[in-house]
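Visitor: This is a predicted model, with the sequence first.
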Amino acid sequence: MSKKDIDACIRTSVEQYLKDLRGADPADLHELFLGAAEKPLLEVVLRHAEGNQSKAAEWLGINRNTLRRKLLDHKLLK
């Protein structure tokens, strides 16, 4: 899947969300979509990295401490 494919998927989701609002004004779209995308992204990458947080952080292009904080924020760490 290319960046173009991912862009199209996100665009479709945003369009559908706005359509589903049926004219109501949206609020906090940026936070809504980033939050919705981040948790599954972390879950999938961590699974593919076989739980190795250092590897997952490297793949994500973030610091391991940042990854750990995000995992805690999303309640993905016990």
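Guide: Noted; the coordinates are in hand.

Visitor: mind listing what's buried in the helix ranked longest in the chain?
Guide: Determined from DSSP state H, the single longest helix within the chain is helix 29-48. Neighbour counts using 16 or more other Cβ atoms under 10 Å place 42, 46 of helix 29-48 among the buried residues. All C-beta spots, glycine's among them, are computed from the backbone N, C-alpha and C.

Visitor: Could you name the helices and strands sitting against that helix?
Guide: helix 3-20, helix 53-60, helix 64-73 (3 or more Cβ pairs under 8 Å, 6 or more residues apart in numbering; DSSP states H and E).

Visitor: Please write out the alpha-carbon positions of the shortest one in CSV.
Guide: Spelled out, that is helix 53-60. The C-alpha trace of helix 53-60 is given here as CSV (Å, rounded to 0.1, in the frame of the first residue of the first chain):
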residue,chain,number,x,y,z
GLN,A,53,9.5,-1.4,21.7
SER,A,54,12.9,-0.3,20.4
LYS,A,55,12.2,-1.8,17.0
ALA,A,56,8.7,-0.4,16.9
ALA,A,57,9.9,3.0,17.9
GLU,A,58,12.5,2.9,15.1
TRP,A,59,9.9,1.8,12.5
LEU,A,60,7.6,4.6,13.7
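
Visitor: from the chain's centre, how far out does stretch 18-29 sit?
Guide: 20 Å (Cα atoms, centre = their mean, to the nearest Å).

Visitor: Show me what it is in contact with.
Guide: If you take Cβ atoms under 8 Å, 6 or more residues apart in numbering as the criterion, stretch 18-29 is touched by 14, 17.
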